[in-house]
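Q: Mind looking at a prediction? Sequence and model below.
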Amino acid sequence: MTAWDISTAVYLQEFSVAAKELTPTGVFFKPNGTKMYTIGYTGDTIDEYNLSTAWDISTAVYIQEFSVTARETIPTGMFFKPDGTKMYTIGGAGDTVDEYNLSTAWDVSTAVYLQEFSVAAKETAPHGLFFKPDGTKMYT
């Protein structure tokens, strides 16, 4: 495989998250590949998995979940600050980006809501969320 060249991609495997989420809408990996997070609107939760082998989804083990229902009932995406101390969600019910602080990096059970930013003026059905690595730009 050639880095960044999708024409050289080869299918490897899949991992079902159906035991925890029937309508997954997003996935995020910790930069070192040892954690995977999924989000969806069947349960309105972020589900956290540990990967015993970095980047190998066949080694994923469910750890815990964090409900976003209080802020968003149609969550469609998420993003974590590179050091794992902040988590952001986006969704179609509120058309907002919701910011959470994590007192323990990468541990969703320690998430505490901080604030929101409305994207409704530009997007009424947001599905993706990405930040420039230095945090100076947000893309929805």
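A: Perfect, I can see it now.
Q: for residue 33, what are its contacts?
A: 51, 54-55 (C-beta atoms under 8 Å, 6 or more residues apart in numbering). In this view, the C-beta of every residue, glycine as well, is placed from N, C-alpha and C.
Q: In terms of distance to residue 2, which of those residues ranks first?
A: Proximity of the contacts of residue 33 to residue 2 (C-beta to C-beta) peaks at residue 55, which lies at 17.2 Å.
Q: Test my guess that that closest one contacts residue 31.
A: No: Residue 55 is beyond contact range of residue 31, at 10.7 Å (criterion: C-beta atoms under 8 Å).
Q: ok, what's across the strand from the residue most central in space within the chain?
A: Closest to where the C-alpha atoms of the chain average out (C-alpha atoms, centre = their mean) is residue 78, at 3.4 Å. Residue 78 forms beta bridges with residue 89, as assigned by DSSP bridges.
Q: Tell me the confidence at it?
A: At residue 78, the pLDDT value in this model is 96.
Q: swap in residue 122?
A: The per-residue pLDDT reported for residue 122 equals 90.
Q: residues near it, how many?
A: Applying other C-beta atoms under 10 Å, we find 9 residues neighbouring residue 122.
Q: check contacts around it.
A: By C-beta under 8 Å, 6+ apart, the residues touching residue 122 are residue 140.
Q: Let's verify it: helix, strand, or coil?
A: Classification of residue 122 using DSSP: H, G, I helix; E, B strand; the rest coil returns coil.
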